[in-house]
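# A structural model of the following input is requested.
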Amino acid sequence: MIETSKYDQKILPIKYPIVNGYRYYAKVFSIIFNKKNCFEWISNNFLTLEFPRLETLETHYFGMCLFTMSRNYYEECPYIDKSIINQDLVNLKWENICDFLRDVIDMNYYIELDLDTYYVSHATKFYKNIHYSRPTFIYGFNNKTEIFNIAGYYYHSKYSFEELSYENILKAYDSKHSLEIKGIKADDIITLYKLKDNNSYRFDKALFVKRIKEYLNSYNFRNDVCNPSDQATFQYCEYGFKAYEFLKKLLDLGERKIPLKRAFSNLFQSIINIDIRSFYCLWEHKKLMLLILKYVKEKEYINIDKDSIEKYDKVEKKSNLIINLIIKYNITQEKYLIEKCKNILDEIANEERKILENIVNSINISKSFYYQYKADIVIKRYPKK
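Numbering: from 1, shown residues only. Predicted structure coming up:
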């Protein structure tokens with residue numbers, strides 16, 4: 001193997017992501033948490049939720065997720081530069097994928113590419129058992145031990161930081177090219193991410209207030225911030241505080257064992273267990289909101305009393321309790337647990353609304369220059385017809 005790297009070892013800065021339910025969030029947060037001022041941007045984004053419309057839930061189901069003004073987080077994120085290259089370009093210059101990975105890590109790029117998990121020892125369900133292409137996030141290497149530092153969903157589908165040998169990276173990468181023959185999708189692109197040295201993003205109080213109001217009022221973003229070409233997809237989405245209604249209906253359908261057809265797929269969700277992802281997302285939203293409220297209070301951007309913070313902390317803890325109850329239900333199938341979850345959801349909804357309304361109503365503010373600027377950008381990008 002030709003060693004092109006000028007370092008024996010290099011590990012790029014990375015933090016365990018507080019939001020990790022989906023890989024596209026986990027990547028962003030694991031990178032930008034290395035920036036001390038990342039909450040300037042986070043506090044104006046990730047304030048609402050996206051989930052299936054109740055009317056089409058049974059035929060177009062997908063897991064609830066955090067929602068920002070743009071689905072392309074990396075282009076909108078002021079802390080990250082994103083580049084996409086085709087794997088054919090890698091083959092023109094580098095003898096093998098390991099040489100390429102070391103070179104770009106030398107240049108401070110994080111990498112995401114598809115690997116065959118048959119050769120990824122941490123992917124316990126697939127390792128030496130099933131050939132399956134899955135994106136892998138790579139952020140470091142060690143030439144002496146011949147390992148790469150990787151991140152992904154491995155043991156029990158929990159997001160973790162692991163190590164993978166050069167040999168297995170080579171096998172997993174080369175094997176991936178034969179997966180298409182077996183009818184298994186494998187992506188031919190490699191995505192590079194790099195932390196920007198400087199950025200000028202500043203927290204915008206007017207935008208924060210507007211986003212909180214939109215969350216409380218379940219404002220529909222489909223016609224405002226979504227590319228018109230994606231309208232066929234977003235017609236099945238709802239946003240904001242109606243998430244509690246969605247979650248209760250999901251519990252109802254799960255208890256009745258009603259099959260849910262996944263959106264834009266012929267596959268159905270399992271009727272044996274209630275899908276826990278949406279409830280995990282609810283908890284991650286509360287965790288993030290609690291950190292945002294603490295941040296804007298600490299920075300004195302917004303005057304939030306200690307009592308509100310303490311009450312929201314209880315909201316976060318109750319949302320975590322629901323996850324444990326659903327895990328227990330999926331094991332025991334005891335129906336009283338469903339009713340308990342619904343009652344807690346009602347408690348959380350009532351408490352959260354009171355807290356956020358009190359915060360918003362205490363703020364007197366006029367539209368800021370920055371919000372005007374962002375609004376103009378959205379209008380120019382996606383003008384209403």
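# please report how far Asn324 lies from Trp283.
Between Asn324 and Trp283 the computed distance is 10 Å (C-beta to C-beta, to the nearest Å). (Each C-beta comes from the backbone N, C-alpha and C, glycine too.)
# of the two, who's got more company?
Neighbour count, other C-beta atoms under 10 Å: between Asn324 and Trp283, Trp283 has more, with 18 against 11.
# quick one: pLDDT of the residue nearest to the more buried one when sequence neighbours are not counted?
Spatial nearest neighbour of Trp283, excluding adjacent residues (C-beta to C-beta, 6 or more residues apart in numbering): Ser319 at 4.4 Å. Looking at Ser319, its pLDDT is 98.
# tell me which helix or strand comes right after the strand or helix carrying Ser319.
In this structure, Ser319 sits in helix 306-332 according to DSSP states H and E. For helix 306-332, the following helix or strand on the C-terminal side (DSSP H and E) is helix 336-361.
# mind listing what's buried along that next one?
337-338, 340-342, 345, 348-349, 352, 355-356, 359-360 (16 or more other C-beta atoms under 10 Å).
# quick one, that helix and helix 306-332 angle?
Using axes from the mean of the first three to the mean of the last three C-alpha atoms, to 10 degrees, one finds that helix 336-361 and helix 306-332 are set 160 degrees apart in direction.
# list the helices and strands helix 336-361 packs on?
helix 205-216, helix 243-255, helix 277-298, helix 306-332 (3 or more C-beta pairs under 8 Å, 6 or more residues apart in numbering; DSSP states H and E).
# average model confidence for that helix?
The average pLDDT within helix 336-361 is 97.
# just how off-centre is it within its chain?
Mean-position distance between helix 336-361 and its chain equals 23 Å (C-alpha atoms, centre = their mean, to the nearest Å).
# try stretch 137-149
On the basis of C-alpha atoms, centre = their mean, stretch 137-149 sits 25 Å off its chain's mean C-alpha point.
# pLDDT on that stretch, on average?
Stretch 137-149 shows a mean pLDDT of 96.
# now swap in stretch 204-213 and tell me
Stretch 204-213 comes out with an average pLDDT of 94.
# strands of the stretch 101-250 of the chain, start to end?
Ranges of strands within the stretch 101-250 of the chain are 110-116, 133-142, 147-153, 159-165, 189-195, 237-239, based on DSSP state E, counting those that start in this stretch.
# for Glu298, which of those is the nearest?
In terms of C-beta to C-beta, the element of those nearest to Glu298 is strand 189-195, at 23.4 Å.
# C-alpha coordinates for the closest one, CSV please?
Extracted in CSV, the C-alpha atoms of strand 189-195 (Å, rounded to 0.1, in the frame of the first residue of the first chain):
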residue,chain,number,x,y,z
ILE,A,189,-20.6,9.6,-4.9
ILE,A,190,-18.3,10.6,-2.1
THR,A,191,-19.3,13.6,0.0
LEU,A,192,-16.7,15.8,1.7
TYR,A,193,-17.4,18.2,4.6
LYS,A,194,-15.0,20.8,6.0
LEU,A,195,-15.3,23.2,8.9
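# what residues of that strand count as buried?
Residues of strand 189-195 classed as buried: 190-195 (neighbour count, 16+ other C-beta under 10 Å).
# report the separation between Phe221 and Leu49.
The spacing between Phe221 and Leu49, counted by C-beta to C-beta, is 11 Å.
# between the two, which contacts overlap?
Overlap between the contact sets of Phe221 and Leu49, as judged by C-beta atoms under 8 Å, 6 or more residues apart in numbering, is given by 67, 239.
# those two - which one has more neighbours?
Leu49 (25 against 18).
# surely the more buried one is within a strand?
Yes. Counting by DSSP: H, G, I helix; E, B strand; the rest coil, Leu49 falls inside a strand.
# pretty sure it contacts Glu245?
No. Checked against C-beta atoms under 8 Å, the pair Leu49 and Glu245 is beyond contact range at 11.7 Å.
# and the residue nearest to Trp283, how far from Glu214?
Applying C-beta to C-beta, the value for Ser319 to Glu214 is 20 Å.
# ok, those two, which is more surrounded?
Neighbour tally, Ser319 and Glu214, criterion other C-beta under 10 Å: the higher count belongs to Ser319, 22 against 18.
# so where is the chain shaky, pLDDT-wise?
Within the chain, the stretches with pLDDT under 70 are 1-6, 69-75, 124, 126-128, 176-187, 222-234, 263-272, 365-385.
# now with 50, please.
Along the chain, the parts satisfying pLDDT under 50 run over 1-2, 181, 184, 368-385.
# what about Ile323, neighbour count?
For Ile323, using other C-beta under 10 Å, the count is 15.
# all set now, cheers.
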